[in-house]
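*Asks:* Can you look at this prediction? I've put the sequence above it.
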Amino acid sequence: MPGTPHHTFEEHVSEVRLRIEARSLREVFEEAGRALAALSAEADTEATLGVGERIELDARDREALLVAWLNELIFCSETRKLIYDALCVEHVDDRSLVAMVRGRTPSAVRTAVKAATMHDVRIEESPEGFTATVVLDV
Amino acid sequence: MANQGFERVGPVTYELRGSPQDRAPARVFADEVLFEKIRGDQSIEQLLNVATLPGIVGHVLGMPDMHEGYGFPVGGVAATALPDGVISPGGIGFDINCGVRLLASRCKRAELGDVTRLVDELMRTIPAGFGRHGRLELTLPQLNDVLARGARAVIEEHGLGRLDDLERIEDGGCLAEAAPAEVSDRAKERGRDQLGTLGGGNHFLEVQVVDAIYDAGAAAVLGLFEGQVTVLLHTGSRGLGHQVCTDYVRRMDETLGRHHIQLPDRQLACAPFSSAEGRAYFGAMCAAANFAWANRQVLTHRVRQVFRGLLAGEDLRLVYDVAHNIAKIEVHGGRKVCVHRKGATRAFGPGERDLPVAYRALGQPVLIPGSMGTASFVLVGSDAARDIALASACHGAGRAMSRAEAKRRMQGATLRRELEQRGIVVCCPSNAELAEEAPAAYKDVERVVDVVERAGIARKVARLRPIGVLKG
């Protein structure tokens, strides 16, 4: 089970199933955001990070909140043409989230992600930490 | 397993017998080989989940290219009774009115000259891939006009195409029920600079040659002849459509309790068509569909410009344009229903009023793109398609392998060389993305199309062989 948070992309015939393991809910959300950035494009680490953007979200439960978080990052990324790999979740509970995010210009494009879906989205908690899965439409 | 219980009831038809009271019956079109592939993923289970939606009329249907998606399977069709059966954004998908448009040139392959030069020119002209924006940046009133009027708006207001193009587009390139006010500001922000862009994933532009004619009479009506150069465009409503789906899946997920709806999969979030949420989503979906038709119209104009620049006097003619991710209000069995087609193409038979006058005696052209490097097909819908399959056909070859597995099995550079050795010029941002869309990652499109024909849904008219691919 989790030490440092990490993600894997699991098999799905047509889409991408993202799996996160982390010690806390905050880490789940941060790692999910970093995974999305890694899937979408290669960040130009030489590029200066943009200004911080504050994100505040609420949802009916934590699974819907995870989907809303990823969809917010997809929206920001597509409209600002930036990759958000600097993410700080300041507060998260089962129904709300506050985060500061900073984007940078991608150096190479990878996978165009259309949306995070509600299909089979799960966040499971155990004594060792959290495991989350979410399917991304690509 | 959830996919057990299907019986073969015809040469290419399987049905689930003894459906319980709380689930509609299910039918899958496939031969033995394709049915085994379909059983190999979660698509049957997903189709049976769809069968539990409130208000389903008749069978839920799986096309021969069906594969696992999210919520609805890709290649799934379901009709719900109006006014109170549900509409589900997941039954249309994020890429609202993803579809295919076929353009036909006057020239044969030998007259085309250097395909590499043509593909390079198309690459310079057509923005493709993540984050690429088009040359047309719309003001909000202009965008609302596109959402309301679809392809006609970009022809009349921006001079991008000809008015007679509209006759050859499904629904004339505009769903009149569009409600731009129901499209969020965020969706409009995503789409504002994306008109005239191909996008990423499996979207593409292909230069092709007609290499087989199966029905000479039908081909003549469609203006297709052996050796002819054609262009196939595959794209949709881009970020605008994606955001419309995102917005309404969330909204409907939050109102399920109010409508007393319980679901086996949250991505099937839905609302009665007649409810405020249902009507708002349908208006927004129609607007996004109009944006997609406008997008393919702008791309058509750019492709025509490229062809005119390289071939004096060439003016590509629009053969037809079909949607394969959409919900439509149609009448089936004397009943008004909302038909969800998620990765499925409408296949009207002869005589339907929605068809272009020139094609009305023939039936609707059904455009089935193959995977990259394999043939695409032109079919025409049959009279029987209504009763057999809610006037619906497949939408492509259908994925058979995950992107990760495709990349493990195939090297993009090797694939590029193989395609080039077969006379196919490929333009793709990266070798990794090329490998993801390798032909081996898909089912055999010829087998899929044969099932559609054997089922009596549509008949083959022509086969199109790729010679140049611009991958999104």
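*Replies:* Cool, got the structure. Numbers count the residues shown, from 1 in each chain, chains lettered A, B, ... in the order given.
*Asks:* what number of residues lie near residue B:135?
*Replies:* Taking other CB atoms under 10 Å in any protein chain shown as the neighbour definition, residue B:135 ends up with a count of 12. Heads up, the C-betas are built off the backbone N, CA and C, glycines and all.
*Asks:* Pull up the gap between residue A:121 and residue A:134, please.
*Replies:* Summarising the geometry, the distance separating residue A:121 from residue A:134, computed by CB to CB, to the nearest Å, is 5 Å.
*Asks:* shared neighbours of those two, which are they?
*Replies:* Taking CB atoms under 8 Å, 6 or more residues apart in numbering or on different chains as the contact criterion, the residues that touch both residue A:121 and residue A:134 are A:66-67.
*Asks:* for stretch B:86-98, what is the average pLDDT?
*Replies:* Confidence for stretch B:86-98, expressed as mean pLDDT, is 97.
*Asks:* Can you give me the end-to-end span of that stretch?
*Replies:* The stretch stretch B:86-98 measures 22 Å between its terminal residues, going by CA to CA, to the nearest Å.
*Asks:* how about the strands of the stretch 151-300 of chain B, start to end?
*Replies:* Counting by DSSP state E, counting those that start in this stretch, the stretch 151-300 of chain B forms strands over residues B:204-213, B:228-235, B:271-272, given from the N-terminal end onward.
*Asks:* The second one and chain A, any residue contact?
*Replies:* No. Applying CB under 8 Å from any CB of the partner chain, one finds strand B:228-235 out of contact with chain A, separated by at least 11.5 Å.
*Asks:* for that strand, packing partners?
*Replies:* In this structure, strand B:228-235 makes packing contacts with strand B:99-108, helix B:109-112, strand B:204-213, helix B:276-310, judged by 3 or more CB pairs under 8 Å, 6 or more residues apart in numbering or on different chains; DSSP states H and E.
*Asks:* low pLDDT regions in the stretch 101-250 of chain B?
*Replies:* Confidence mapping of the stretch 101-250 of chain B against pLDDT under 70 gives the ranges B:129-132.
*Asks:* For the stretch 201-350 of chain B, what lies in contact range of chain A?
*Replies:* Checking the stretch 201-350 of chain B against chain A by CB under 8 Å from any CB, the hits are B:201, B:239, B:242-243, B:245-246, B:249-250, B:253-254, B:265-267, B:269.
*Asks:* what would those look like in TSV with neighbour count?
*Replies:* TSV is the format used below for those (neighbours: other CB atoms under 10 Å in any protein chain shown):
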residue	neighbour count
B:201	27
B:239	29
B:242	29
B:243	31
B:245	27
B:246	29
B:249	29
B:250	19
B:253	24
B:254	14
B:265	20
B:266	22
B:267	25
B:269	24
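*Asks:* for chain A, what's the longest helix?
*Replies:* helix A:62-80 (DSSP state H).
*Asks:* Show me what counts as buried in the next helix or strand after that helix.
*Replies:* If you walk from helix A:62-80 toward the C-terminus, the next helix or strand you reach (DSSP states H and E) is strand A:83-92. Buried residues in strand A:83-92, defined by neighbour count with 16 or more other CB atoms under 10 Å in any protein chain shown: A:83-87, A:89, A:92.
*Asks:* quick one: average pLDDT of strand A:83-92?
*Replies:* Along strand A:83-92, the predicted local confidence has a mean pLDDT of 96.
*Asks:* quick one, strands of chain A?
*Replies:* If you assign secondary structure with DSSP state E, the strands in chain A sit at A:6-10, A:16-22, A:41-43, A:53-58, A:83-92, A:96-104, A:106-109, A:115-116, A:122-126, A:129-137.
*Asks:* tell me, what residue is most central in chain B?
*Replies:* Here the mean C-alpha position of chain B is nearest to the C-alpha of residue B:324 (CA atoms, centre = their mean), at a distance of 2.8 Å.
*Asks:* these two touch, right, residue B:351 and residue B:360?
*Replies:* Yes. The pair residue B:351 and residue B:360 qualifies as a contact (CB atoms under 8 Å) at a distance of 6.3 Å.
*Asks:* ok, the two, which is more surrounded?
*Replies:* For residue B:351 and residue B:360, the more surrounded residue by other CB under 10 Å is residue B:360, and the numbers stand at 15 against 11.
*Asks:* Next, the contact list for the more buried one, please.
*Replies:* When contacts are counted by CB under 8 Å, 6+ apart, residue B:360 touches B:350-352.
*Asks:* And those residues, which is closest to residue B:339?
*Replies:* The shortest separation between residue B:339 and any of the contacts of residue B:360 is 13.6 Å, and it belongs to residue B:352 (by CB to CB).
*Asks:* still on that earlier bit, sort out for me which of the residues of the stretch 201-350 of chain B next to chain A are in helices.
*Replies:* Counting by DSSP H, the members of those that fall within helices are B:239, B:242-243, B:245-246, B:249-250, B:253-254.
*Asks:* Could you let me know which of those residues ends up closest to residue B:370?
*Replies:* Closest approach between those and residue B:370, by CB to CB: residue B:242, at 24.8 Å.
*Asks:* so who does that closest one touch?
*Replies:* So, once contact is read as CB under 8 Å, 6+ apart, residue B:242 ends up touching A:74, A:114-115, A:137, B:94-95, B:190.
*Asks:* The nearest residue to residue B:76 once chain neighbours are set aside bridge partners, please.
*Replies:* Once its chain neighbours are removed from consideration, residue B:76 has its nearest residue in residue B:342; the separation is 5.0 Å (CB to CB, 6 or more residues apart in numbering or on different chains). Beta-bridge partners for residue B:342, by DSSP bridges, are residue B:76, residue B:325.
*Asks:* go on, residue A:108?
*Replies:* When bridges are assigned using DSSP bridges, the partners listed for residue A:108 are residue A:42.
*Asks:* residue contacts, it?
*Replies:* Neighbour list for residue A:108: A:41-42, B:430 [criterion: CB under 8 Å, 6+ apart].
*Asks:* Tell me where the stretch 1-150 of chain B has helices.
*Replies:* Using DSSP state H, counting those that start in this stretch, the helices found in the stretch 1-150 of chain B span residues B:32-39, B:43-50, B:109-112, B:115-125, B:140-149.
*Asks:* Looking at the ones you listed, spot the one closest to chain A.
*Replies:* With CB to the nearest CB, the closest approach to chain A among the helices of the stretch 1-150 of chain B belongs to helix B:43-50: 8.1 Å.
*Asks:* which strands and helices sit next to the closest one?
*Replies:* Of the remaining helices and strands, those touching helix B:43-50 by 3+ CB pairs under 8 Å, 6+ apart are strand B:26-29, strand B:56-70, strand B:72-81.
*Asks:* Out of those strands, indicate the one that is most buried.
*Replies:* Across those, the average number of neighbours (mean count of other CB atoms under 10 Å in any protein chain shown) peaks for strand B:72-81, which reaches a mean of 28.
*Asks:* List just the nearest of the buried residues of strand A:83-92 to residue B:313.
*Replies:* Taking CB to CB as the measure, residue B:313 sits nearest to residue A:83 out of these, at 45.4 Å.
*Asks:* Could you tell me what pLDDT the model assigned to residue B:79?
*Replies:* Among the per-residue scores, residue B:79 shows a pLDDT of 98.
*Asks:* mind listing what the closest residue to residue B:450 other than its chain neighbours touches?
*Replies:* Counting by CB to CB, 6+ apart, the nearest residue to residue B:450 once its immediate chain neighbours are dropped is residue B:31, at 7.7 Å. The neighbours of residue B:31, taking CB under 8 Å, 6+ apart as the test, are B:11-12, B:64, B:447, B:450-451, B:454.
*Asks:* and the gap between the nearest residue to residue B:213 once chain neighbours are set aside and residue B:190?
*Replies:* Counting by CB to CB, 6+ apart, residue B:213 lies nearest to residue B:219, which is 4.8 Å off, once chain neighbours are set aside. As for residue B:219, its distance to residue B:190 is 40 Å (criterion: CB to CB).
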